[in-house]
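Novice: Below: sequence and its predicted model.
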Amino acid sequence: MIEINDVVVLGANGTMGAGSGEVFAAGGCKVVFLARTAEKSHEGLVTAENMARAQRIADRISVGTYGDELEEVVAKADLIFEALAEDIELKKTFFARVDRCRRPDSIVATVSSGLSITEMAHGRSDSFRRNFLGMHLYNPPNVIVGTEVIPHPETDPALVPEVVRLLENRFGRVAIVTADKPAFAGNRIGFKVLNDVAILAESHGVAFADYLIGPYTGRAMPPLATVDLVGWDVHKAIVDNVYANTKDEAHGSFALPAYMQRLVAHGHLGDKTPERGGFYRRVKEGSKTLSLVLDPQTAGYKDMRDVPVHPIPFVEEMRRLNRVGRYGEAFKVFAEASGAEADLARRVILGYVSYALNRVGEHEVVASTRDVDRIMAFGFNWAPPTALVDVLGVRTTIRLLEGLQLPVPRALEQAAQHPDQRLFREPHVNLGRFFAG
């Protein structure tokens, strides 16, 4: 049984490093934050204090730099947690340093959101490779508990369930194990949907796309607002990685739209570049703040008031029903609605169900439908795919998938033999958390 009491965080000044360090400290570990400079490490400590909303979290956190301190603190650590920039060569450079001074039994983990765990372990010592894995926490880690544990072929098999146990029982995570495939499970599924909506926005408009695939369909936020929050650079890195390194049934969904390519090149990264914006932008005009929305056709921004989205009857009816907890009735409206808008919405949402459940299998990303459900529910705060099947009905779901010429997952073919049995069985989860009015 493994124990983790001393943790080193590399890249502690970033949001993921500071947030993950806060999780470990809150779980009772002594944590050392390392960054390029003492000032950067201290910035990470302040971020961790703000996340914890308590200065006392600093009682368990000390700070340092990548100078001589790295070797000293790594030698004492039970867990070396890497949260550097998503640059595989940078990560490998630091892992070479870590390998020279770590204890043979210490665990080394990367918070990478989708880079190859196998490639990062290449060339390292036998004990490093046996004790190395991905530990992908979601941002912000102090709020979002979904976590992916990603072994590579040489990870000690006995280590994986122990890490899952520790993450869940001590650090309050909801952890799943995924295969070492591009973007793992949550980001591969989630960013497929986000990019589908970005593609839709090119011809139908940003505000319309976010309204049509809005929270009423089982998302915490409108999709394009989510891309702005995550960052266009992160979005691009994830979809480019999947597009280049996978060839599945939805390959085209991962092609970044040309208008996004151009805007990223000009520094439009979403919320992290407020002066340039992303899909949305806010500007000061005198004493007022104007909300602007991107026009993908011109790459310019328009006042939101000049691009009103006219209410769509089936959307408004679903929102009304969701508000009073009548989710089955709401999705009956979704299934039966007529018109081009309903067809577009069904293609995106049923595409999510199909793609997610087709990532389950012996040679796929996860072993069970519950794994997909848990990471989408607790990593993205989206309605899990089987929860959507339950509110639609399994046979209705299959009929809609066939009508859209989307692959019917094997799990649904099996479930159709027992249509009265619910597929989503996560205990203590109220479906109302996913469906907004």
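Specialist: Structure received.
Novice: From now on I want contacts and neighbour counts done on CA atoms only, so please keep to that.
Specialist: Noted.
Novice: Partner strands of the lengthiest strand in the chain and their direction?
Specialist: When every strand of the chain is counted residue by residue (DSSP state E), the longest turns out to be strand 288-295. According to DSSP bridges, strand 288-295 has the following sheet partners: strand 280-285 (antiparallel), strand 300-303 (antiparallel).
Novice: Tell me which residues are up against the last one.
Specialist: The reference is to strand 300-303. Outside strand 300-303, the residues that touch it by C-alpha atoms under 8 Å, 6 or more residues apart in numbering are 281, 290, 291, 292, 293, 294, 295.
Novice: swap the cut-off to 7 Å and go again
Specialist: Outside of strand 300-303, the residues within contact range by C-alpha atoms under 7 Å, 6 or more residues apart in numbering are 290, 291, 292, 293, 294, 295.
Novice: Could you do stretch 198-210 as well?
Specialist: 197, 222, 223, 224, 257, 279, 294, 295, 296, 297, 309.
Novice: which among those residues end up buried?
Specialist: When burial is judged by neighbour count using 16 or more other C-alpha atoms under 10 Å, the buried members of the contacts of stretch 198-210 are 197, 222, 223, 224, 257, 279, 294, 295, 296, 309.
Novice: Out of the contacts of strand 300-303, give me the two with the largest separation.
Specialist: The distance between the two most remote of the contacts of strand 300-303 (C-alpha to C-alpha) is 15.6 Å, for 290 and 295.
Novice: how far off strand 288-295 does whichever strand or helix holds residue 262 point, in degrees?
Specialist: Using DSSP states H and E, residue 262 sits within helix 258-265. Taking axes from the mean of the first three to the mean of the last three C-alpha atoms, to 10 degrees, one finds helix 258-265 and strand 288-295 inclined to each other by 130 degrees.
Novice: Only the buried residues of helix 258-265, if you could.
Specialist: 259, 260, 263, 264.
Novice: And stretch 288-305, by the same measure?
Specialist: Applying a neighbour-count criterion of 16+ other C-alpha under 10 Å, the buried positions in stretch 288-305 are 290, 292, 293, 294, 295, 296, 301, 302, 303, 304.
Novice: State the distance from the third one to residue 280.
Specialist: To tie it back to what came earlier, the one meant is residue 293. In this view, residue 293 and residue 280 are 5 Å apart by C-alpha to C-alpha, to the nearest Å.
Novice: for the first one, same thing?
Specialist: When C-alpha to C-alpha is the yardstick, residue 290 and residue 280 sit 11 Å from each other.
Novice: Closest to residue 20 out of the buried ones among the contacts of stretch 198-210?
Specialist: When those are ranked by distance to residue 20 (C-alpha to C-alpha), residue 223 comes first, at 24.9 Å.
Novice: wait, isn't that closest one in contact with residue 195?
Specialist: No. The pair formed by residue 223 and residue 195 falls short of the contact definition of C-alpha atoms under 7 Å, at 8.8 Å.
Novice: looking at the strands paired with strand 288-295, which has the lowest confidence?
Specialist: Of all the strands paired with strand 288-295, strand 280-285 carries the lowest average pLDDT, namely a mean of 90.
Novice: Buried residues of it, list them for me.
Specialist: By neighbour count on 16+ other C-alpha under 10 Å, the buried set for strand 280-285 is 280, 281, 282.
Novice: Just give me the neighbour total for residue 248.
Specialist: A total of 12 residues lie near residue 248 under the criterion other C-alpha atoms under 10 Å.
Novice: Just the pLDDT at it, thanks.
Specialist: We have a pLDDT of 96 for residue 248.
Novice: One more: residue 275?
Specialist: Reported pLDDT at residue 275 in the predicted model: 94.
Novice: Work out for me the element it sits within.
Specialist: Here residue 275 sits in a region with no helix or strand, counting by DSSP H and E.
Novice: ok, now residue 135?
Specialist: Short version: residue 135 belongs to strand 132-137, going by DSSP H and E.
Novice: elements contacting that strand?
Specialist: Based on contacts counted as 3 or more C-alpha pairs under 7 Å, 6 or more residues apart in numbering; DSSP states H and E, the elements that strand 132-137 packs against are strand 107-110, strand 146-150.
Novice: Dump those to CSV, plus mean neighbour count.
Specialist: Below are the helices and strands packed on strand 132-137 laid out as CSV (neighbours: other C-alpha atoms under 10 Å):
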stretch, mean neighbour count
strand 107-110, 24
strand 146-150, 26
